[in-house]
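Visitor: here is my input, please return the structure:
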Amino acid sequence: MTSIFYSNLSKDFSSILDNADDYNVLIKVGENQNIKEFRAHSVILRARSSYFKGALSSNWITKQNNMIMFNKPNVTPTVFEMILKYIYSGELDLTNQTSEDILGLLIASDELLLEELFTLVSCKKLQDYCFESICEDPLPFITSKSFLSLDKDILFNLLESDNLQIEEVTVWDYLIKWGIEQTSAGLGSSSN
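Guide: Got it, this is the predicted structure:
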């Protein structure tokens, strides 16, 4: 007879994130005045994310006092906290999260190769929720830094929506900024 206790396992791993003192990774996320440092365990990060499996390999890491130092300035502390909780416990709570944070979560999850967030049905719900939230109040999203790095297919779906509640002139202004950013990014990567 086999017994499976995923709920207890999830709680135990979650408590490791909150209470353990044997961490070996310091992760600094955010930029400017919005920076936070998180403590984590490389073995758990590598087991749950192929991104971390590569990024925390001995070829890529930077160590200081026997501690792996990792910087991720393009992810906000709020988003990274959700990601770490997901990595350790398998739980993702979007209650009271802003549409910008949810979008940041989608972008960061894609970058960190957390495929489960994109393959589960809950991801579709997450995308729908995010899309609806943006359509209802698009200005905070369109004026955020995340907008400039938005995938063209997602942008097309958003602009195609009849529910987008914003003046076309405003959308056009930010669409031009998005296009300039895409062109600049393309030029920068081709010179490397």
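
Visitor: mean confidence score for stretch 19-33?
Guide: Per-residue pLDDT over stretch 19-33 has a mean of 91.

Visitor: that one: how far from the chain's middle?
Guide: In this view, stretch 19-33 has its centroid 16 Å away from the chain centroid, taken as Cα atoms, centre = their mean, to the nearest Å.

Visitor: contacting residues around that stretch?
Guide: For stretch 19-33, the external contacting residues (Cβ atoms under 8 Å, 6 or more residues apart in numbering) are 35-42, 45, 56, 66-77, 79-80. Just so you know, the C-beta spots here come from the backbone N, C-alpha and C atoms, and that holds for glycine as well.

Visitor: okay, buried residues for the longest helix along the chain please.
Guide: What stands out as the longest helix in the chain, according to DSSP state H, is helix 168-190. Of the residues in helix 168-190, 171, 174, 178 count as buried by neighbour count, 16 or more other Cβ atoms under 10 Å.

Visitor: count the neighbours of the nearest residue to the second one once chain neighbours are set aside for me.
Guide: In this case it means Tyr174. Excluding its sequence neighbours, the residue lying closest to Tyr174 (Cβ to Cβ, 6 or more residues apart in numbering) is Ile142, at 4.7 Å. The local packing of Ile142 (other Cβ atoms under 10 Å) involves 22 other residues.

Visitor: which residue ranges of the chain form strands?
Guide: Per DSSP state E, the chain carries strands over the ranges 25-31, 34-40, 62-64, 67-72.

Visitor: compare these and report which one is nearest to Tyr88.
Guide: Among the strands of the chain, the nearest to Tyr88 by Cβ to Cβ is strand 34-40 (8.2 Å).
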